[in-house]
Every structure is written in C-alpha cells, then in structure tokens.
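>>> Next input, structure requested:
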Amino acid sequence: MPKLLIIDDESDIREFAKSYFKKRGIEMFTAANGREGLDAIVTHSPDLVLLDMKMEGMSGLEVLQVMRDKNLQNKVIMITGAEDVDLTGQAKALGIVDFVHKPLILEELGKIVMRELGK
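Reported below is the predicted structural model:
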C-alpha cells in the first residue's frame, strides 16, 4: 500500500485530505509542522509528501532543504497559497515533482497524487 504524508499547519486541510486519500487505499500520515514532518518522514518513509510552503516555525522550503541535506529523496508536492517565483524556483531546484495551489480542490490534488504514486 502506498504511503502519503501531509505536512500542513492547517488541521482542516490535514484531516480532509487524510480522509479523502484513505478512502482510496493510501496509507496516511499527517504532521502539523516541519519538525513533526521530518520525524514522520524518517519514521514512516512515505512514498510521497504533500508539503505546505508557509508554516509557522519551519517553512516548507526549510523542511525540503533539510530533507535533501539528509539525502531523503521522497517525492514532494508543494502546497502554496501564494505565487512566489523565487520560492517556486528554489523548490524546483530541490527536486519537487509538482505544485498545488490553495484553496485545494481534492479531485485535482487526487489526480496528481495518484499519478505520482502510480495508482
């Protein structure tokens, strides 16, 4: 069963997406911030990470940088609410597979996630 980790500081996004993907046969994990997310990546080895760009404490870009510094090569889809060309470029340079914009449309997100998980 493929594993998906959602790292987002908005609990409603985490829980809504978790429910949506569990119904589609995906093992789900969530984290409310960057530190929890990094721990979850090491603990659960998800096939794909949905990573919020802007979070309190540690940004999604900082999480992504730590992942790559630790040679964690999990696939990452960034979630963003704002268009920032500089941050987008930095995330792409760190090897993300895609971007998804807020507000999330689960059907669109589902297509991208299923594609990346090979489902």
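
>>> Leaving out the residues flanking it, which one is nearest to the most centrally placed residue in the chain?
Nearest residue to the geometric centre of the chain (CA atoms, centre = their mean): residue 50, 1.3 Å. Nearest non-adjacent residue to residue 50, counting by CB to CB, 6 or more residues apart in numbering: residue 6, 4.6 Å away. The C-beta positions use only the backbone N, C-alpha and C, and glycine is treated the same way.

>>> Isn't the residue nearest to the centre of the chain up against residue 13?
No. Counting by CB atoms under 8 Å, residue 50 sits too far from residue 13 to count as a contact (9.1 Å).

>>> where do the contact lists of the two overlap?
Common contacts of residue 50 and residue 13 (CB atoms under 8 Å, 6 or more residues apart in numbering): 6, 79.

>>> contacting residues around the helix or strand bottoming out on mean pLDDT in the chain?
One helix or strand of the chain scores below all others by mean pLDDT, DSSP states H and E: helix 85-93, with a mean of 88. Applying CB under 8 Å, 6+ apart, the contact partners of helix 85-93 are 53, 60, 61, 64, 78, 80, 99.
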